[in-house]
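# fold the following and give me the result.
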Amino acid sequence: MKNSLTPVPLAELGRGNNLLQSGFWGAFKRETEKDALSFRLLSSAGECPLLVILRAAPGGGTWAYVPHGPDLAVAEASQGPLLESVAESLAPFLPADCLTVRFDTPWRSPYDAPEYYREDGRWEGPPDPRVREVRMNFGSATRNLRKAQTDVQPPDTVIVRLDRDEAAILRGMRFQTRHAIRRAARKGLVIERGGYRDLGAWYRLYRETAERKGLARLGPAYFRKFFRAHQRYTGRKPHVVLLFAKAGRRRIAAAISAFCGKKATYVYAASSGEGSEFRPAYGLLWEAMKTARAVGCVEYDLAGIPPNDDKDHPLHGLWTFKTGFGGRILHRRGCWDFPLRRDRYRVFAAVEPALGGYHRDA
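I've put the predicted structure just below:
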């Protein structure tokens, strides 16, 4: 598949609905990673911006990460050849020590099909990675695409339509979710908007959540850089909204969302573990949905659920919470690597799983 890459300023990446391919996201990542490169991709499949983030690899070297890109509507049979062609075109622009190009693909998984669902409706998930690699590499010249050992963004999510009135959105929710939203209002839960000055309060909730659930966490500097980058960025940028849920004078939960074009994304959430009778997470997300709808968003990506309704999954609570808001479940293809230095890539691929699961810091 023929394509061309033209370097462009970051500001030229901000015209779509894809937060992780926006110029703002690139500006932010220049503060937290080794670098961020921006291109205009022209291929037989169409034209789109392409943000590439350079990251330090464990053990030395770098790796190139393309979050939710290339953002083109491509038939499944053409996806592997497109990734191969883009990686080969990127190679001359990358550092000599770059081990691999990793594409966090935006495309629906080909295994999200009836034959991969059980009779009870539970998705069985994709097959062995080696089987997936054969399918992805079909039609490519090098057969060099490898399923990444870890996914940076969770490939499974819920997309809620906002292009309806509020009553219709509520009707699309599970009864228990509607009840929790109304209970939060009856109990007197107050939702208020915060900003950069409130990051200390946000981080206390975020740190408490990570410690309570045994999750890896980002440092406070990460969130300061996120909001500073948003303040300083002069191109077209998303709305970034920090909401707190208050019970009396106590801030008991918070959430950060980004509204990029017509699409809203639930970026981070945190809670104190107190005030469960207020159902603060439900009130927060409902308020975020109403805010997103008011600024013109037509869909809300709830950004991450387990692959199915497995009660033994450590994040099963996210499944119950997020699917309760209605919407469609989307299973993406996940992350795919195109190794540039195969000897060192094998070491990188062997070490990476020990670093943890979803990074969530695309």
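
# when you work out contacts or count neighbours from here on, use the C-alpha atoms and nothing else.
Noted.

# give the helix, strand or coil label for the residue nearest to Leu94 when sequence neighbours are not counted.
Excluding its sequence neighbours, the residue lying closest to Leu94 (Cα to Cα, 6 or more residues apart in numbering) is Ala64, at 7.7 Å. Following DSSP: H, G, I helix; E, B strand; the rest coil, we place Ala64 in the strand state.

# who does Ala64 bridge with?
Beta-bridge pairing for Ala64 (DSSP bridges): Leu54, Val101.

# that one touches Asp97, doesn't it?
No - with contacts counted by Cα atoms under 8 Å, Ala64 stays clear of Asp97, the gap being 10.5 Å.

# give me the more crowded residue out of the two.
Neighbour totals were compared for Ala64 and Asp97, and Ala64 leads with 28 against 14 (other Cα atoms under 10 Å).

# let me see the contact set for the more buried one.
When contacts are counted by Cα atoms under 8 Å, 6 or more residues apart in numbering, Ala64 touches Val52, Ile53, Leu54, Arg55, Leu94, Cys98, Leu99, Thr100, Val101, Arg102.

# how about the strands of the stretch 1-150 of the chain, start to end?
With strands called from DSSP state E, counting those that start in this stretch, the stretch 1-150 of the chain shows them at 3-7, 35-43, 46-56, 62-67, 98-108, 146-147.

# and the third one, what does it pack against?
Here strand 46-56 touches helix 23-32, strand 35-43, strand 62-67, going by 3 or more Cα pairs under 8 Å, 6 or more residues apart in numbering; DSSP states H and E.

# tell me the mean pLDDT over that strand?
For strand 46-56, mean pLDDT is 96.

# and for the fifth one?
What strand 98-108 shows for mean pLDDT is 98.

# over to the fourth one?
Averaged across strand 62-67, the pLDDT comes to 98.

# what angle separates it from strand 35-43?
Using axes from the mean of the first three to the mean of the last three Cα atoms, to 10 degrees, the inter-axis angle of strand 62-67 relative to strand 35-43 is 60 degrees.

# so is the residue nearest the centre of the chain in a helix, a strand, or just coil?
By Cα atoms, centre = their mean, the chain has its centre lying nearest to Gln153, at 4.5 Å. Here Gln153 is coil, with the state taken from three-state DSSP.

# about what we covered before: tell me which of the strands of the stretch 1-150 of the chain sits nearest to Val240.
strand 62-67 (18.7 Å; Cα to Cα).

# tell me which residues of the closest one are tucked away?
Thr62, Trp63, Ala64, Tyr65, Val66, Pro67 (16 or more other Cα atoms under 10 Å).

# export it as PDB, just CAs?
Output in PDB follows, covering the C-alpha atoms of strand 62-67 (Å, rounded to 0.1, in the frame of the first residue of the first chain):
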ATOM      1  CA  THR A  62      13.500   4.100  22.200                       C
ATOM      2  CA  TRP A  63      10.200   2.900  20.800                       C
ATOM      3  CA  ALA A  64       7.700   4.800  18.700                       C
ATOM      4  CA  TYR A  65       4.100   4.800  19.700                       C
ATOM      5  CA  VAL A  66       1.100   5.800  17.500                       C
ATOM      6  CA  PRO A  67      -1.900   6.200  19.800                       C
END
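
# any idea how far that strand is from the chain center?
In this view, strand 62-67 has its centroid 15 Å away from the chain centroid, taken as Cα atoms, centre = their mean, to the nearest Å.

# for the stretch 1-150 of the chain, what are the low-confidence residue spans?
Residue ranges of the stretch 1-150 of the chain with pLDDT under 70: 1.
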